[in-house]
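J.: sequence first, predicted model second:
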Amino acid sequence: KAGVTQTPRYLIKTRGQQVTLSCSPISGHRSVSWYQQTPGQGLQFLFEYFSETQRNKGNFPGRFSGRQFSNSRSEMNVSTLELGDSALYLCASARGGSPLEQYFGPGTRLTVT
Amino acid sequence: GENVEQHPSTLSVQEGDSAVIKCTYSDSASNYFPWYKQELGKRPQLIIDIRSNVGEKKDQRIAVTLNKTAKHFSLHITETQPEDSAVYFCAASFNDMRFGAGTRLTVKP
């Protein structure tokens, strides 16, 4: 069974631009969560989608948004990029029930200049 | 929301020694406690997990213990090997997943 995939793997953007990242979960998984990983802040929870609905949300500004499609693929969008948004963005998929046994994708390394 | 604290932030042991990493959580509703290992430049990998109705779980050289009353859980690695060197993250989950800040484990040959 194929693992979680993320595209693109690397991205360089300029401050003020917006960016869209994509995540394809493991087949049969209906939950997709997004995390921001930085050296100083560790793994910070952004949001979780299940069956196309945002089920949980972390403490990030409204510039961070996401969505999930009927095939469970998910995208996250960051608008008006700031230098501090430079990070590794990880998505993780799970079947969707409880507990949330999650498997991570390789991440998208975003650099904002 | 859930708050997870993890200690120590760095840990250095000699090959063959044991390593213990401890985490505490704040939300008594949390019912699932996974541990992830992240090697440099790679994705976090789920190495072991425990549910709230179990006090201890073991898988070869790694074990996890959970004390629900005290709201803390620990990862134990015995007979450490250089390939165990990585950053280890604990997490606690009820609806969403919250992670500890990570422990950088170095195993010296």
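T.: It's in. This one's a predicted model, so the numbers in the text were calculated from it and none came from an experiment. Numbering: from 1, shown residues only, chains lettered A, B, ... in the order given.
J.: quick check: A:Phe60 touching A:Trp34?
T.: No. Contact criterion C-beta atoms under 8 Å: A:Phe60 and A:Trp34 do not qualify, at 9.4 Å. In this view, the C-beta of every residue, glycine as well, is placed from N, C-alpha and C.
J.: who has more neighbours out of those two?
T.: Counting neighbours by other C-beta atoms under 10 Å in any protein chain shown for A:Phe60 and for A:Trp34 shows that A:Trp34 has the greater number, 25 against 16.
J.: tell me the confidence at the more buried one?
T.: If you check A:Trp34, the pLDDT there is 97.
J.: okay, and it sits in which element?
T.: In this structure, A:Trp34 is located in strand A:31-38 according to DSSP states H and E.
J.: which secondary structure elements does that strand contact?
T.: strand A:42-50, strand A:74-78, strand A:87-94 (3 or more C-beta pairs under 8 Å, 6 or more residues apart in numbering or on different chains; DSSP states H and E).
J.: list the contacts of the longest one.
T.: Applying C-beta atoms under 8 Å, 6 or more residues apart in numbering or on different chains, the external contacts of strand A:42-50 come out as A:30-38, A:54-58, A:60, A:64, A:66-68, A:74, A:76, A:90, A:96, A:100, B:44, B:89, B:96-102.
J.: go again with 6 Å.
T.: Residues outside strand A:42-50 that contact it (C-beta atoms under 6 Å, 6 or more residues apart in numbering or on different chains): A:30-37, A:54-58, A:60, A:64, A:66, A:68, A:74, A:96, B:96, B:99, B:101-102.
J.: quick one: buried ones out of these?
T.: The neighbour-count test (16 or more other C-beta atoms under 10 Å in any protein chain shown) marks A:30-37, A:55-56, A:58, A:60, A:64, A:66, A:68, A:74, A:96, B:96, B:99, B:101-102 as buried among the contacts of strand A:42-50.
J.: check contacts around B:Asp80.
T.: Just to correct that, residue B:80 is Thr rather than Asp. With C-beta under 6 Å, 6+ apart, B:Thr80 has these contacts: B:13, B:17, B:19, B:107.
J.: secondary structure class for it?
T.: coil (DSSP: H, G, I helix; E, B strand; the rest coil).
J.: for the helices and strands packed on strand A:31-38, which one sits closest to B:Thr65?
T.: Nearest to B:Thr65 among these is strand A:42-50 (22.3 Å), distances taken as C-beta to C-beta.
J.: ranking helices and strands of chain B by mean pLDDT, which lands last?
T.: strand B:97-99 (a mean of 90; mean pLDDT, DSSP states H and E).
J.: the helix or strand that comes right after it pairs with which strands, and in what direction?
T.: Following strand B:97-99 in sequence order, the next helix or strand is strand B:103-108 (DSSP H and E). Using DSSP bridges, the strands paired with strand B:103-108 are strand B:10-14 (parallel), strand B:86-93 (antiparallel).
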